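1. I would like the atomic coordinates for the input below:
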Amino acid sequence: MPTKITMPFTAEIISCLKVGEEILLSGEIFTARDAAHKRMVEMLDANVMLPFELDGQVVYYAGPCPAPPGKVIGSIGPTTSARMDVYTPRLIKEGLKIMIGKGERSPAVISAIREYKGLYLAAVSGAGALLSLCVKRAELIAFEDLGTEAVYKLEVHNMPLVVAVDSRGNNIYGLRG
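-> Prediction:
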């Protein structure tokens, strides 16, 4: 039976979750892919305020498809997380706690997750249409010029995920940071 978690994640919840554990996540999360990550790191370097507070947040590596008539959002499957790895340690250092995506993470990211006590959660690849049913509200909040890589604030309910890297650096893919 998956563990139901409602945002925000607390340090206690993060420390209790183990690699391989299934969860159902509800609450507010943000989407951001590589172009948005690059821009956010550039903003941090320039001492410019980000479009959302990183501290304790969840970022889903996804670029939603346009919403069909009568739907909140289109297909919203995870993108390959490794493309964000060059930016992720910096964002974790600035307060990002939870990332959702697919695929392995670099040793630098795993090390940052362990050092700053975060999590990397995996979403099922190829199930973007199904995952869209978990989205109850979607709002474009930043970088509209990036198209599908714009940043959205989502309200999700019972989004099925698996702990891929836990706060101790244990990794479902067998690597250790």
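
2. what's near enough to touch the residue of the chain most remote from its centre?
-> For the chain, the residue at maximal distance from the C-alpha centroid (Cα atoms, centre = their mean) is Pro69, at 26.3 Å. Listed by Cβ atoms under 8 Å, 6 or more residues apart in numbering, the contact set of Pro69 is empty. From N, CA and C alone the C-beta is placed, and that goes for glycine too.

3. That one is in what secondary structure piece?
-> For Pro69, there is no host helix or strand (DSSP states H and E).

4. Go ahead and confirm Ala32 touches Met40.
-> Yes - taking contacts as Cβ atoms under 8 Å, Ala32 lies within contact range of Met40: 7.1 Å.

5. Looking at those two, which one has more neighbours?
-> Ala32 (30 against 25; other Cβ atoms under 10 Å).

6. for that one, what are its contacts?
-> Met40, Val59, Tyr60, Tyr61, Met84, Glu149, Val151 are the contacts of Ala32 under Cβ under 8 Å, 6+ apart.

7. Report the beta-bridge partners for the third one.
-> What that stands for is Tyr60. Thr31, Ile100 (DSSP bridges).

8. count of residues packed around Ser75?
-> 18.

9. quick one: secondary structure of it?
-> coil (DSSP: H, G, I helix; E, B strand; the rest coil).

10. Need the pLDDT of the nearest residue to it once chain neighbours are set aside.
-> Closest residue in space to Ser75, ignoring its immediate chain neighbours: Gly128 at 3.6 Å, by Cβ to Cβ, 6 or more residues apart in numbering. For Gly128, the model assigns a pLDDT of 91.

11. Then Pro66?
-> The model's pLDDT for Pro66 equals 89.

12. number of nearby residues for it?
-> Pro66 sits with 9 neighbouring residues when counted by other Cβ under 10 Å.
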